[in-house]
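S.K.: Just a sequence and a predicted model for now, questions to come.
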Amino acid sequence: MKNFIILTEAIEYIEQNLTEPLKREDIAKHCYVSLSSLEKLFSYALHTSIKIYIDKRIMTKAAKDIICSENSITDIAMKYQYASAEVFTRSFKRVWNVNPSQFKDNWKFTGIFPKINYQYEKGDDLYMARKSVDISDAYDYLCSKKGSYVLCFDVKNLMEANKISRKAGDLMILNAASRIDKQATEEMLLLRIGGDEFALITGLTDIEKAQEIENRILAINGQPVIFDEHEIPLFLYCGTTKIPEHLRYSEFFSLLHETIVSSKKNS
């Protein structure tokens, strides 16, 4: 229980200070633990370092600024405490695999690394505590689309990429998001709902039109992602569900995951 509290406190502190000078030592001090202990918690529970977690959260927020605001890249870089637009651009490219101007021209989706939430029940080990991503910002949008179809996607062979390296796995996830994003219209909303899971809120009440989008995305299953000298075929599962008329956030989140599990069984 203690480790769970420490980790959630650290995540909340990071979230509240993404536009401030953010040092790992300050996070540890806020949580009343040593930096080495906190690094071990992040590595154990999230399979990443504190620095990488912060970088990915900043670049997720910055991506939304690039798409949704008229601010210059320099202004956005300054907002997130980068010394120059050039330094910001290098960091952005490490997460998104394109520079900010290319991103603005080619992407609608911005939520590649959403904030992580934990649900703890007595007796849970930290590693086994239920992790979910925070999609609460989309709640009003979801309510406005009740009764419409949601396409739920999962990457089939992510483990193959992760065996090469975590960077290869990240690239697979990024390419999966790109395939879905390219078929989505401006009115649709793409959410990352798990490590390798996505939900496309189509807003469509016609199942055939929703399935046309699904078919276009799955039509390129098997096309490889190139990482260094490796060619890794990328396959997606897809299941379909509806946003319920009586929307409860936690129940809907469970429904999305159940839809993905069912799609795997039926493939």
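M.R.: Yes, it's here. Residues are numbered from 1 along each chain as shown.
S.K.: Show the pLDDT at residue 3.
M.R.: For residue 3, the model assigns a pLDDT of 83.
S.K.: Spell out which helix or strand contains it, please.
M.R.: helix 2-16 (DSSP states H and E).
S.K.: Please identify the buried residues of that helix?
M.R.: 3, 4, 6, 7, 8, 9, 10, 11, 13, 14 (16 or more other Cβ atoms under 10 Å). Any C-beta I mention is one placed from the backbone N, CA and C, and that applies to glycine too.
S.K.: swap in stretch 139-158?
M.R.: Taking 16+ other Cβ under 10 Å as the criterion, stretch 139-158 shows 142, 145, 148, 149, 150, 151, 152, 153, 154, 155, 156, 158 as buried.
S.K.: what element comes up after the helix or strand of the chain with the lowest mean pLDDT heading to the C-terminus?
M.R.: Using mean pLDDT, DSSP states H and E, strand 130-133 stands out as the lowest-scoring helix or strand of the chain, at a mean of 62. Sequence-wise, the next helix or strand downstream of strand 130-133 (DSSP H and E) is helix 139-144.
S.K.: Mind giving me the packing neighbours of the next helix-or-strand element following that next one?
M.R.: Next along the chain after helix 139-144, taking DSSP H and E as the criterion, comes strand 149-155. Other helices and strands packing on strand 149-155, by 3 or more Cβ pairs under 8 Å, 6 or more residues apart in numbering; DSSP states H and E, are helix 166-183, strand 197-201, helix 207-218, strand 236-242, helix 249-266.
S.K.: nearest to residue 40, of the ones you listed?
M.R.: Counting by Cβ to Cβ, residue 40 lies closest to helix 166-183 out of these; the figure is 17.2 Å.
S.K.: Can you check what angle separates the closest one from strand 236-242?
M.R.: If you take axes from the mean of the first three to the mean of the last three Cα atoms, to 10 degrees, helix 166-183 sits at 50 degrees to strand 236-242.
S.K.: Just list what the helix or strand just after helix 166-183 packs against, helices and strands only.
M.R.: Counting by DSSP H and E, the next helix or strand C-terminal to helix 166-183 is strand 189-192. Here strand 189-192 touches helix 166-183, strand 197-201, going by 3+ Cβ pairs under 8 Å, 6+ apart.
S.K.: Residue 74 is nearest to which of these?
M.R.: Ranking the helices and strands packed on strand 189-192 by proximity to residue 74 (Cβ to Cβ) places helix 166-183 first, at 24.9 Å.
S.K.: ok, and what's touching the closest one?
M.R.: 47-48, 95-97, 107-109, 112, 151, 153, 155, 157-158, 161-162, 190, 192, 195-196, 198, 200, 213, 216-217, 220, 225, 227-228, 230, 232, 234, 236 (Cβ atoms under 8 Å, 6 or more residues apart in numbering).
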